[in-house]
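Engineer: this one's structure only:
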Ligand code: 5GP
Ligand code: ZN
């Protein structure tokens, strides 16, 4: 397990700072977010320090996300939420503040006012095709 000394989530993993831990396994930890957007807002993190999703080996990511069905089910049943948002920010441009991979589980109830719709755009003619082909080519490399 690799940790980073100044990372708050590594410090939670190693017990240097406290957290309300709801799930702990050999390689994963889930704890309540200190600044909840809703009751039960939880963060699921790998115990090893990976800054972003792209830094994580696929098998480690698979093990981590494997906890989501049971974890989200437990959070929903305890909070009485009727839905949840899964949010995973990568890079400061996307709002990532803590550089240790984490999934936000944000319980939702009808009319809670949190919102989530972003302003959708549209493609100029040919742009979607060009992007699609470029992404397909990048995936082949
Ligand atoms: P990000 O914007 O990086 O996706 O979200 C980081 C989240 O981590 C924020 O929602 C913030 O409230 C939470 N957070 C930051 N520091 C701590 C901490 O020390 N303990 C806990 N439990 N949550 C934290
Ligand atoms: Zn870390």
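Structural biologist: Good, I have the coordinates. The structure presented is a predicted model; accordingly, all values stated were derived computationally and were not measured. Numbering: from 1, shown residues only. Ligands and ions are numbered 1, 2, ... in the order given.
Engineer: which residues of the chain fall in helices?
Structural biologist: 8-13, 58-65, 68-79, 127-140 (DSSP state H).
Engineer: could these be laid out in TSV, adding mean pLDDT, mean neighbour count and distance to ligand 1?
Structural biologist: In this view, the C-beta of every residue, glycine as well, is placed from N, C-alpha and C. Below are the helices of the chain laid out as TSV (pLDDT from 0 to 100; neighbours: other C-beta atoms under 10 Å; distance: least, C-beta to the nearest ligand atom, whole Å):
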stretch	mean pLDDT	mean neighbour count	distance to ligand 1
helix 8-13	98	20	4
helix 58-65	98	14	15
helix 68-79	98	15	15
helix 127-140	98	9	25
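Engineer: switch the ones you listed over to CSV; also include distance to residue 23.
Structural biologist: Shown next, in CSV, are the helices of the chain (distance: least, C-beta to C-beta, whole Å):
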stretch, distance to residue 23
helix 8-13, 13
helix 58-65, 11
helix 68-79, 6
helix 127-140, 33
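Engineer: looking at these, which is nearest to residue 89?
Structural biologist: helix 8-13 (13.1 Å; C-beta to C-beta).
Engineer: which strands or helices does that closest one pack on?
Structural biologist: strand 28-32, strand 42-46 (3 or more C-beta pairs under 8 Å, 6 or more residues apart in numbering; DSSP states H and E).
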